[in-house]
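A.B. asks: can't give you the sequence, but here's the structure:
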């Protein structure tokens with residue numbers, strides 16, 4: 001019998017009554033005589049549920065304030081609330097499929113997901129953000145309370161300082177609005193989903209706002225024994241203290257439990273498994289437990305306007321994630337140091353337990369934004385300071401061999417380990433301080449220049465289980481970013497840019513000659529040129545070419561006892577072209593399309609077989625096309641579809657094994673009608689319409705390579721009722 005977690009259902013019933021009371025207060029405020037005063041500077045309203053426009057025109061991920069995409073000299077993509085709702089997105093993997101430059105990089109079912117942008121893996125320590133503040137990436141960030149998800153593709157040293165080369169992901173939280181909505185959902189596997197979105201603006205001048213989102217999900221996975229559940233609740237509050245001062249508070253809590261679905265490894269290190277099913281759990285054991293994770297993210301922000309030209313904000317937040325790993329894990333075959341399944345499909349099974357694995361990010365920012373002129377040059381200047389801290393507390397855990405299984409014949413019942421995990425201890429304490437600025441110079445009506453940089457001070461201490469320091473890292477660095485923009489006409493911009501970022505070195509896997517060694521930080525550099533063209537107010541075209549370089553890190557074959565040593569040697573250079581289109585082609589047809597061509601090669605590695613090979617898990621070509629068409633003659637009915645393509649992805653560094661190319665087709669419909677005088681939306685989505693069997697990613701995790709099967713054909717149905 002499945003557990004039905006009571007938290008969300010109880011909370012949603014309570015909040016429903018609260019929302020009715022708040023909306024009643026708001027209606028009473030509307031009925032009173034207004035004095036005519038307004039909030040000329042601070043706007044506490046936000047888009048409500050059911051917004052139909054899926055074309056974003058601005059984003060904040062590339063700077064320190066919301067800016068038009070046309071004037072942003074960087075590759076930025078935005079997935080809106082409307083598109084997430086229409087695709088019934090619950091995970092970030094549902095969102096990233098809309099952009100060909102973003103891919104999964106070790107994203108197993110039932111575990112927190114990892115991604116790459118432009119062929120570089122994102123850093124969970126700093127690449128994921130909520131409203132501009134870092135969030136611990138070792139969590140599944142909920143989408144119910146998100147207005148949009150923004151992606152900055154490429155070097156982000158100015159925005160984030162110490163961050164991986166690929167870029168950053170920024171979740172934008174819904175703001176308070178007069179909205180009341182309930183969504184019910186299910187899928188072909190029998191999952192159950194219930195969510196509410198309740199909000200109100202109230203007070204004499206609507207100076208107060210509150211929005212509450214909550215959800216409960218019983219997850220029936222397409223993988224046998226892969227079921228789970230999820231509870232989520234969030235609150236967003238706004239107070240316009242004066243017409244020029246705004247206080248915002250956001251908090252979100254999520255608890256999730258689901259059995260993690262392990263990936264496969266190459267057979268004998270050379271062969272991709274065949275004849276396997278995506279519904280198979282490789283290591284079902286009665287003693288294995290669901291992976292449990294709890295996350296709490298909250299933020300406080302104060303905005304104020306100093307005068308007509310200057311404004312600023314202070315914000316601070318905390319993101320905390322706690323993961324309990326407790327599973328039977330398939331890994332290698334024959335010896336503990338083996339990193340591949342056996343040629344006949346055999347694999348070893350480990351009792352793997354790491355309880356109380358806590359990751360915590362704290363960050364505070366102070367930013368001032370203003371306009372002024374020096375002679376004929378107009379400036380838009382952002383200056384600020386930031387402090388952040390990341391800690392990792394976790395035990396060494398248990399990882400004991402308990403038996404073996406086979407991908408074809410299954411895994412027998414095995415005994416659990418009798419070992420007990422030691423208590424958690426402080427593994428890492430990483431602190432950063434930064435001063436930053438960005439100045440947009442309006443040189444003429446057609447020419448703009450942007451000059452900026454971030455001075456970052458990094459101090460990081462890693463510890464042994466006895467509390468002694470195992471490593472101390474100090475790095476002070478200035479990370480510049482410059483760009484030039486030419487606008488031959490108001491709706492067309494051509495830009496070129498240069499940016500740097502500081503990427504932390506990765507940690508050596510346990511099976512090399514220098515286990516757990518941490519490689520030094522390295523600077524990644526990027527050159528980019530692009531064109532952005534608003535064909536119409538509702539249709540945008542983009543094109544960009546880029547070249548990115550970073551230090552190459554890998555397990556170098558050698559004559560050591562282990563046979564490999566983890567090194568930072570050589571350079572990985574990713575060169576690519578990205579094309580995109582987003583918006584309306586006509587009154588009935590809305591489209592989104594992107595194409596990414598990426599050449600990701602290593603050089604100077606010291607291992608000839610790896611030089612000039614395409615990087616692992618990076619396809620040379622990927623494309624994503626999405627369309628939404630309003631059916632004529634049937635008011636409220638839209639049909640949707642998408643076509644996703646990925647060329648072959650290398651699995652091995654020498655390019656000897658690759659996952660085959662794949663096409664995946666999805667379809668759906670949306671029907672809007674009125675029920676009881678209220679807007680109601682019915683959505684049906686069918687992913688992988690032709691039930692294609694395919695391998696979706698060959699991501700690496702902690703130095704090991706895994707390949708994961710894509711989901712089979714899956715149908716999902718939801719009903720949204722706005723009241």
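C.D. replies: Yep, it's here. In this text the structure is predicted, and so the values were computed from the model without any measurement. Numbers count the residues shown, from 1 in each chain.
A.B. asks: sec struct for residue 82, please.
C.D. replies: Three-state call for residue 82 (DSSP: H, G, I helix; E, B strand; the rest coil): helix.
A.B. asks: Look up how far residue 56 lies from it.
C.D. replies: In this structure, residue 82 and residue 56 are 10 Å apart, going by Cβ to Cβ, to the nearest Å. All C-beta atoms are positioned from the backbone trio N, CA, C, and that covers glycine.
A.B. asks: cool, and residue 81?
C.D. replies: 10 Å.
A.B. asks: go on, residue 238?
C.D. replies: With Cβ to Cβ as the criterion, residue 238 and residue 56 are 22 Å apart.
A.B. asks: These two: which has the busier surroundings?
C.D. replies: Using other Cβ atoms under 10 Å, the more surrounded residue of residue 238 and residue 56 is residue 238, with 26 against 19.
A.B. asks: Which helix or which strand is home to the closest residue to that one other than its chain neighbours?
C.D. replies: Distance criterion Cβ to Cβ, 6 or more residues apart in numbering; nearest residue to residue 238, sequence neighbours excluded, is residue 209 at 3.8 Å. Following DSSP states H and E, one finds residue 209 within strand 208-219.
A.B. asks: Looks to me like residue 460 is in a strand.
C.D. replies: Yes. Counting by three-state DSSP, residue 460 is part of a strand.
A.B. asks: can you list the weak-confidence ranges in the stretch 201-350 of the chain?
C.D. replies: 335-337 (pLDDT under 70).
A.B. asks: Try it again at 80.
C.D. replies: Applying pLDDT under 80 to the stretch 201-350 of the chain flags residues 335-338.
A.B. asks: Can you name the next helix or strand after the helix or strand of the chain with the lowest mean pLDDT?
C.D. replies: Lowest on mean pLDDT, DSSP states H and E among the helices and strands of the chain sits helix 6-31, with a mean of 39. Using DSSP H and E, the helix or strand that directly follows helix 6-31 along the chain is strand 58-59.
A.B. asks: For that next one, name the packing helices and strands.
C.D. replies: Judged by 3 or more Cβ pairs under 8 Å, 6 or more residues apart in numbering; DSSP states H and E, the packing partners of strand 58-59 are strand 67-68.
A.B. asks: in its sheet, what does the strand it packs on sit against?
C.D. replies: strand 58-59 (antiparallel) (DSSP bridges).
A.B. asks: chain center to the strand it pairs with, what's the gap?
C.D. replies: 17 Å (Cα atoms, centre = their mean, to the nearest Å).
A.B. asks: Please work out which residues outside that strand touch it.
C.D. replies: Here strand 58-59 makes contact (Cβ atoms under 8 Å, 6 or more residues apart in numbering) with 66-69, 72, 76, 78, 148, 150, 170.
A.B. asks: about what we covered before: now list whatever residues contact both of residue 81 and residue 56.
C.D. replies: Here residue 81 and residue 56 share the contacting residues residue 148, scored by Cβ under 8 Å, 6+ apart.
A.B. asks: where does this protein dip in pLDDT?
C.D. replies: For the chain, the ranges with pLDDT under 80 are 1-55, 335-338, 702-703.
A.B. asks: for the top strand by length along it, which positions count as buried?
C.D. replies: Using DSSP state E, we find that the single longest strand of the chain is strand 346-374. With burial defined by 16 or more other Cβ atoms under 10 Å, the residues of strand 346-374 counted as buried are 346-355, 357-365, 367-370.
A.B. asks: And for stretch 647-656?
C.D. replies: In stretch 647-656, counting by 16+ other Cβ under 10 Å, buried: 647-653, 655.
A.B. asks: What is the most widely separated pair among those?
C.D. replies: Spanning the widest gap among the buried residues of stretch 647-656 are 647 and 653, at 17.9 Å by Cβ to Cβ.
A.B. asks: In a helix, residue 181, correct?
C.D. replies: No. Looking at residue 181 with three-state DSSP, it is strand, so not inside a helix.
A.B. asks: my guess is it contacts residue 720, does it?
C.D. replies: Yes. Using Cβ atoms under 8 Å, residue 181 is in contact with residue 720, at 6.1 Å.
A.B. asks: which residues of the stretch 51-200 of the chain fall in helices?
C.D. replies: Counting by DSSP state H, counting those that start in this stretch, the stretch 51-200 of the chain has these helices, from start to end: 81-86, 92-96, 157-160.
A.B. asks: counting contacts, what elements does the longest one pack onto?
C.D. replies: Using 3+ Cβ pairs under 8 Å, 6+ apart, the elements in contact with helix 81-86 are strand 146-153, strand 678-687.
A.B. asks: In contact with residue 655, which residues?
C.D. replies: Residue 655 sits in contact with 613-614, where contact means Cβ under 8 Å, 6+ apart.
A.B. asks: Against residue 272, how distant is it?
C.D. replies: 14 Å.
A.B. asks: cool, residue 441 as well?
C.D. replies: Relative to residue 272, residue 441 is positioned 53 Å away (criterion: Cβ to Cβ).
A.B. asks: Ok, residue 342 next?
C.D. replies: Distance from residue 342 to residue 272, by Cβ to Cβ: 14 Å.
A.B. asks: Surely residue 718 and residue 683 touch.
C.D. replies: Yes. If you go by Cβ under 8 Å, residue 718 and residue 683 touch, sitting 4.8 Å apart.
A.B. asks: hey, what's in contact with both of the two?
C.D. replies: With Cβ under 8 Å, 6+ apart, residue 718 and residue 683 have common neighbours residue 88.
A.B. asks: what about these two, which has more around it?
C.D. replies: residue 683 (22 against 19).
A.B. asks: The stretch 251-400 of the chain: strands as residue ranges?
C.D. replies: Here the stretch 251-400 of the chain has its strands, by DSSP state E, counting those that start in this stretch, at 291-305, 310-331, 346-374, 377-394, 398-406.
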